[in-house]
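**Student:** turn this into a structure:
(chains A, B and C)
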Amino acid sequence: MSIFPDSVGRFFHRTASPPYFYALADRFIPWLTGILLILLAAGLVDGLYLAPTDYQQGESYRIMFIHVPAAWMSLFIYVLLAVMGGIALVWRMKLAEVMLVASAPIGAGFTFIALVTGSLWGKPMWGTWWVWDARLTFELILLFQYLGIISLYNAIEDKRSAARAVAILALVGVVNVPIIHYSVEWWSTLHQGPTVTKMDKPSIHISMLIPLLLMAVAFKVYYLIAALQNAKLELLKRESSSQWVKNLLEKSA
Amino acid sequence: MSLEIFLEMGGYGFYVWTAYGVTFLVLLINIVWPIVQRKNLLRQLLIRQKREQK
Amino acid sequence: MLAFRRRAEMANPIFFFVLIVTMFPLAIGAQPHLLQSMAPGVIWVSALLATLLSLDGLFRSDFDDGSIEQMLLSPQPLSVLVLGKIIAHWLVTGLPLILIAPLLALFLGLPEQARGTLWLTLILATPLLSLIGAIGVALTVGLRRGGMILSLLVLPLYVPVLIFASSAVDRAAGGLPVSAQLNILLAMLLAGLVLIPLPTSLALKMSIN
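**Tutor:** I've put the predicted structure just below:
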């Protein structure tokens, strides 16, 4: 910890204290919500209206503007879970535990979205609601990994132990993620032949790239907001008998 | 571009709008649910605190 | 050593393994061609399920009678003791599966040329299944009905093993080379031996508190 200047250390120490973080979250959320709405509006108008029609897939390709960012988020959040899990285990940081628990359902939500939108995108293209395409199969297994984390946390009564258990699980799970990715991709070429999945556009035109990136950033901002909301709830639950919560209640009464 | 043509999405209207709809719904739930739960919790804690103060 | 005394624990995975494999011809019909093409996958899924069922015996009895606390107090590092328990578990549950495999290959009409690969994949991968399962058990051993959650935690981790093992047997049945798949399984086994005992001991410590 000595490689960081004092001020950084103090910032982390303060932020890691639950009441400070709770207040900080309260201050940030309105701003983040404003940014989110602007990004969403821009991304949706661009993706649904301004971006040109794809000559191969017609208008159905527009699902890509939510499917791809959702898939990115599902992966991004899982990696975050592992990082927060590592921090929680090594430094026993309460806040890392809380953010870990807060982020899991959001990641699961994005994974679910990726699956549903993938299926809806594929139906007009492939004719069936489900194919064992490498990406969809990967997202399905990732969803199970998320559900495992959520179930394990809910099943263990002592929430500090539960958070540590889930931290271990996230770390183990994140090691599995690239292994699953490569093995499933290899597996899908075995059984389906080299069909290029229409979900990956080999080179994307800039008029389609911009809405995609807009939505990707919008989703990231959304994640922050949702994670902070979950974290506030989790902090309250954990610390309900502490002094700062009592003060909070006094003020609101 | 008329509203009808926009909603139709070149014949793929059902797929596109269901996809966007489901997405919107899931994201909405994931934000609203913790907010509602937190408000309930605060209310319960407040009631308990008032009872203890008597 | 204690594990061998509980003969029932040894027999159950074998019975389960054979029973599940038997279910398939009953369910999908006994056409030799169909059974043969599904044989590698069926045998491997059944092996997975049998192992999953047997995992309960890994740490639960130690948890119940307080042996885990004893293990914590012992001068030897917990990781070493954990690895020992996992190896013991494999001897009692994985090894019997390997021995009964030729019978199942017969039931499903697996071609002769794939038998050797079947053995090899089972030898390489069943210890890996015990290792990976151990983490799941360590995380859930304190739970009252941890069985369902255990499956949820462990099966996604089993997927790569399943893919490589069953495809190796499948390719061998078709006369194709399988060295790549076997090497991958070997690498996973070695990595597992080194990497898995530590998080498992961490999880056990957490479960006791």
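**Student:** now do the helices in chain C.
**Tutor:** C:2-5, C:7-28, C:32-54, C:56-65, C:67-73, C:78-108, C:112-140, C:146-173, C:179-195, C:197-208 (DSSP state H).
**Student:** among these, which is nearest residue A:51?
**Tutor:** For the helices of chain C, the distance to residue A:51 is smallest for helix C:146-173, at 35.8 Å, taking Cβ to Cβ. From N, CA and C alone the C-beta is placed, and that goes for glycine too.
**Student:** just to revisit the earlier point, chain B: which of the helices of chain C is closest?
**Tutor:** helix C:146-173 (20.9 Å; Cβ to the nearest Cβ).
**Student:** picking that back up, now the helices of chain C as JSON lines including mean neighbour count?
**Tutor:** As requested, the helices of chain C are exported to JSON lines (neighbours: other Cβ atoms under 10 Å in any protein chain shown):
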{"stretch": "helix C:2-5", "mean neighbour count": "12"}
{"stretch": "helix C:7-28", "mean neighbour count": "16"}
{"stretch": "helix C:32-54", "mean neighbour count": "20"}
{"stretch": "helix C:56-65", "mean neighbour count": "18"}
{"stretch": "helix C:67-73", "mean neighbour count": "14"}
{"stretch": "helix C:78-108", "mean neighbour count": "19"}
{"stretch": "helix C:112-140", "mean neighbour count": "23"}
{"stretch": "helix C:146-173", "mean neighbour count": "22"}
{"stretch": "helix C:179-195", "mean neighbour count": "16"}
{"stretch": "helix C:197-208", "mean neighbour count": "22"}
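**Student:** compare those helices and say which comes out lowest on pLDDT.
**Tutor:** Between the helices of chain C, the one with the least mean pLDDT is helix C:2-5; it has a mean of 52.
**Student:** where does the stretch 51-200 of chain A come near chain B, residue by residue?
**Tutor:** Counting by Cβ under 8 Å from any Cβ of the partner chain, the stretch 51-200 of chain A comes close to chain B at A:53, A:58-60, A:62-63, A:66-67, A:70, A:105-106, A:109, A:112-113, A:116-117, A:120-121, A:123-124.
**Student:** buried subset of these as a ChimeraX selection?
**Tutor:** To isolate the buried ones among those in ChimeraX, judged by 16 or more other Cβ atoms under 10 Å in any protein chain shown, type:
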select /A:59,60,62,63,66,67,70,105,106,109,112,113,116,117,120,121,123,124
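**Student:** on that earlier part again, may I see the helices of chain C arranged in JSON lines, with distance to chain A as well?
**Tutor:** Converted to JSON lines, the helices of chain C look like this (distance: least, Cβ to the nearest Cβ, whole Å):
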{"stretch": "helix C:2-5", "distance to chain A": "25"}
{"stretch": "helix C:7-28", "distance to chain A": "18"}
{"stretch": "helix C:32-54", "distance to chain A": "11"}
{"stretch": "helix C:56-65", "distance to chain A": "14"}
{"stretch": "helix C:67-73", "distance to chain A": "15"}
{"stretch": "helix C:78-108", "distance to chain A": "13"}
{"stretch": "helix C:112-140", "distance to chain A": "5"}
{"stretch": "helix C:146-173", "distance to chain A": "4"}
{"stretch": "helix C:179-195", "distance to chain A": "8"}
{"stretch": "helix C:197-208", "distance to chain A": "5"}
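**Student:** for these, give me CSV that also has distance to residue A:10.
**Tutor:** Formatted as CSV, the helices of chain C follow (distance: least, Cβ to Cβ, whole Å):
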stretch, distance to residue A:10
helix C:2-5, 54
helix C:7-28, 56
helix C:32-54, 49
helix C:56-65, 43
helix C:67-73, 37
helix C:78-108, 36
helix C:112-140, 36
helix C:146-173, 39
helix C:179-195, 36
helix C:197-208, 30
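**Student:** narrow the residues of the stretch 51-200 of chain A next to chain B to those in strands?
**Tutor:** Here DSSP state E is the test, and those give no hits in strands at all.
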